[in-house]
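> Sharing a sequence plus its predicted fold:
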Amino acid sequence: MSASATAGSSLLKIDPARETERIVGGIREIVFNQLKRKGVVVGVSGGVDSSVVAYLCARALGKERVLALFTPEKDSSSDSLRLGRLVANTLGVRSMLEEISPILHGARCYERRDEAIRTLVPEYGPGYKCKIVLPNLVDANRYAIFSVVVQSPDGVTKKVRLTTEAYLGIVAATDFKQRARKMMEYYYADLLQYAVAGTPNRLEYDQGFFVKNGDGAADLKPIAHLYKSQVYQLSAYLGVPEEIQLRSPTTDTYSLEQSQEEFYFSLSLEKMDFCLYGRNHEIPAAELAPVVGLEAEQVERVYAMIDAKRKVAYYLHASPLLLDRVETL
Amino acid sequence: MQKTDIAQRLRKFVVENYLFGQEGGLKDTDSFLEKGIIDSTGVLELVAHLQESLGITVEDEELTPDNLDSISNVTSYLARKLNIPEGALPSNGTKHLVEKQS
């Protein structure tokens, strides 16, 4: 077994004080010297990633140069706004609330999503809740095919495998949410001559767990190099409220509670972290398996999933492609 | 209808739908995933195509690379699924396998 794998849970340990100083210096350099903006807008969701970014930006630029933006919509958990406010109040940064449901109604986000669901569940209507979920991919060599889970007003749940049409219809409609949020962030960025700070961690950034021109859009992404467990280490060091540190990660996109594992990784984020690290450092599956608590065969499957998702993420990461280089820029 | 016919029709479907008409030396045994030809959304399209054209139901537990990750794998899967002995398929079995896409 290699030294790195033997290290077990210390694989992803960082020196949070040192890393904080490094990131804080980087944010200052990017915002003030490269982008020449006066501060940053951070969309604060009440989750650990956006909270850590808000804390880092406040350290880097001063709390008076950070605007925390809350953008709940009708499917958001009420915890999101409450915890977002807790972050802003604890940090002492300015905050703005922009309820984006009217924008989403204007774009027919909910209607379009519900129409897509009704192609499979005709009775889906007012009072129903929904989410999309992946099967367990680790225990069997299967494709990542989503199902929709709907819950009727009287609490009866039903799960149906998605067709191409329904899957694309649901995703395309719900992507309005991330794009509406980003539109509001850039409104305030324009208003205040600020930059927009994105909040993806490494798992999300690497694996394409973002909406192109939605939460994928930003002027800087200060924690995109950090594995999720490293974000948690920083959150503890920075003093992010404990309730946020202990909160289960959620996409906060669907009306039924949906964990990020259900939506994208089909593995706990902690295990996914180890597997991504193992893949990046070419640790053989058999060596990583005991560290992460999986069988070697399961780790091999996760490695294959990581590679497959990277291929899909290429399009998401791609900037507009030019046919010729524009020499003057 | 023989297995080779299914393979040819599948090849046409794959080339038209995922490779935009550019065959590029695709072999029957090439892994769709490894070659970056089909992602999980592409698998959904393939499954929809098989279900519509053959009137079969692809069960959740059948959504595996062993069944669907190459022209050869899909062909063998369909032969097993349709209970077709090596050599022949019923004439109404795969007649729309490709034509419905055009």
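Noted; the coordinates are in hand.
> where does chain A dip in pLDDT?
A:1-9, A:260, A:263-265 (pLDDT under 70).
> rerun at 90
Filtered on pLDDT under 90, chain A yields the residue ranges A:1-11, A:77, A:132-146, A:247-271, A:301, A:304-305, A:308-309, A:311-312, A:325, A:327-329.
> what do you get for chain B?
In chain B (pLDDT under 90), the answer is B:1-9, B:21-25, B:33-41, B:53-55, B:79, B:81-102.
> Kindly report the residues of chain B close to chain A.
B:33, B:36, B:39-41, B:43-45, B:47-48, B:60-61, B:63-66, B:68 (CB under 8 Å from any CB of the partner chain). Using the backbone N, CA and C atoms, a C-beta is placed for each residue, glycine as well.
> Make a ChimeraX selection of the buried ones in those.
Remark: buried members of those, expressed as a ChimeraX selection using 16 or more other CB atoms under 10 Å in any protein chain shown:
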select /B:33,39,40,41,43,44,45,47,63,64,65,68
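> Where do the helices of chain B begin and end?
Assigned by DSSP state H, the helices in chain B fall at B:3-18, B:40-54, B:65-68, B:71-81.
> quick one, the second one and helix B:71-81 angle?
If I follow you right, that is helix B:40-54. Per axes from the mean of the first three to the mean of the last three CA atoms, to 10 degrees, the angle that helix B:40-54 makes with helix B:71-81 is 40 degrees.
> C-alpha coordinates for helix B:40-54, CSV please?
Output in CSV follows, covering the C-alpha atoms of helix B:40-54 (Å, rounded to 0.1, in the frame of the first residue of the first chain):
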residue,chain,number,x,y,z
SER,B,40,-25.9,8.5,-19.6
THR,B,41,-28.3,10.8,-21.5
GLY,B,42,-27.3,9.1,-24.7
VAL,B,43,-28.1,5.7,-23.0
LEU,B,44,-31.6,7.1,-22.3
GLU,B,45,-32.0,7.9,-26.0
LEU,B,46,-30.7,4.4,-27.0
VAL,B,47,-33.1,2.7,-24.6
ALA,B,48,-36.0,4.8,-25.9
HIS,B,49,-35.1,3.8,-29.4
LEU,B,50,-34.9,0.1,-28.6
GLN,B,51,-38.2,0.2,-26.7
GLU,B,52,-40.1,2.1,-29.4
SER,B,53,-38.8,0.3,-32.3
LEU,B,54,-39.0,-3.2,-30.9
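> ok now that helix, how far from the chain's centre?
Put simply, helix B:40-54 sits 8 Å off its chain's centre (CA atoms, centre = their mean, to the nearest Å).
> Next, the angle from it to helix B:3-18.
130 degrees.
> Show me what helix B:40-54 packs onto, helices and strands only.
helix A:164-192, helix B:3-18, helix B:65-68, helix B:71-81 (3 or more CB pairs under 8 Å, 6 or more residues apart in numbering or on different chains; DSSP states H and E).
> picking that back up, and of the helices of chain B, who's closest to residue A:55?
Across the helices of chain B, residue A:55 has its closest neighbour in helix B:40-54 (35.8 Å, CB to CB).
> rewinding a little: same list, the helices of chain B, but as a markdown table with distance to residue A:281 please.
Putting the helices of chain B into a markdown table (distance: least, CB to CB, whole Å) gives the following:
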| stretch | distance to residue A:281 |
| --- | --- |
| helix B:3-18 | 32 |
| helix B:40-54 | 26 |
| helix B:65-68 | 26 |
| helix B:71-81 | 32 |
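> Pretty sure residue A:229 sits against residue A:273.
Yes. Between residue A:229 and residue A:273 there is a contact at 5.0 Å, judged by CB atoms under 8 Å.
> Comparing these two, which shows the higher neighbour count?
Between residue A:229 and residue A:273, residue A:273 has the larger neighbour count (other CB atoms under 10 Å in any protein chain shown), namely 25 against 20.
> Would you list the phi and psi of the more buried one?
Main-chain torsions, residue A:273, degrees, to the nearest 10: phi -60, psi -50.
> quick one, what contacts it?
Residue A:273 makes contact with A:12, A:203, A:227-229, according to CB atoms under 8 Å, 6 or more residues apart in numbering or on different chains.
> Could I have the buried ones of those as PyMOL selection syntax?
Remark: buried members of the contacts of residue A:273, expressed as a PyMOL selection using 16+ other CB under 10 Å:
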select buried, chain A and resi 12+203+227+228+229
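> Which of the contacts of residue A:273 fall within strands?
Among the contacts of residue A:273, no residue falls in strands (DSSP state E).
> Greatest separation within the contacts of residue A:273: which pair is it?
A:12 and A:203 (11.4 Å).
> what do those two both touch?
When contacts are counted by CB under 8 Å, 6+ apart, residue A:12 and residue A:203 are jointly contacted by A:227, A:273.
> and the stretch 51-200 of chain A, which residues reach chain B?
A:135, A:140-145, A:161-165, A:167-168.
> any shared contact partners between residue A:229 and residue A:273?
residue A:12.
> Count the neighbours of residue A:307 for me.
So residue A:307, with other CB under 10 Å, has 13 neighbours.
> Okay, it and chain B: tell me how far apart.
9 Å (CB to the nearest CB, to the nearest Å).
> Kindly report the same for residue A:173.
In terms of CB to the nearest CB, residue A:173 sits 16 Å off from chain B.
> correct me, but that residue touches residue A:112?
Yes. Proximity of residue A:173 to residue A:112 meets the contact threshold set by CB under 8 Å, at 3.9 Å.
> of the two, who's got more company?
residue A:173 (21 against 17).
> For burial, what's the neighbour tally of residue A:20?
Neighbours of residue A:20 (other CB under 10 Å): 19.
> let me redo that: residue B:19
So residue B:19, with other CB under 10 Å, has 15 neighbours.
> same question, residue A:299
26.
> Equivalent analysis for residue A:53, please.
Using other CB under 10 Å, residue A:53 is surrounded by 29 other residues.
> can you pull out the helices in the stretch 101-250 of chain A?
Secondary structure of the stretch 101-250 of chain A (DSSP state H, counting those that start in this stretch): helices at A:101-106, A:109-118, A:164-192, A:202-207, A:228-238, A:242-246.
> okay if I get the helices and strands packed on helix B:40-54 as JSON lines plus distance to residue A:216?
Output for the helices and strands packed on helix B:40-54, formatted as JSON lines (distance: least, CB to CB, whole Å):
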{"stretch": "helix A:164-192", "distance to residue A:216": "8"}
{"stretch": "helix B:3-18", "distance to residue A:216": "24"}
{"stretch": "helix B:65-68", "distance to residue A:216": "29"}
{"stretch": "helix B:71-81", "distance to residue A:216": "33"}
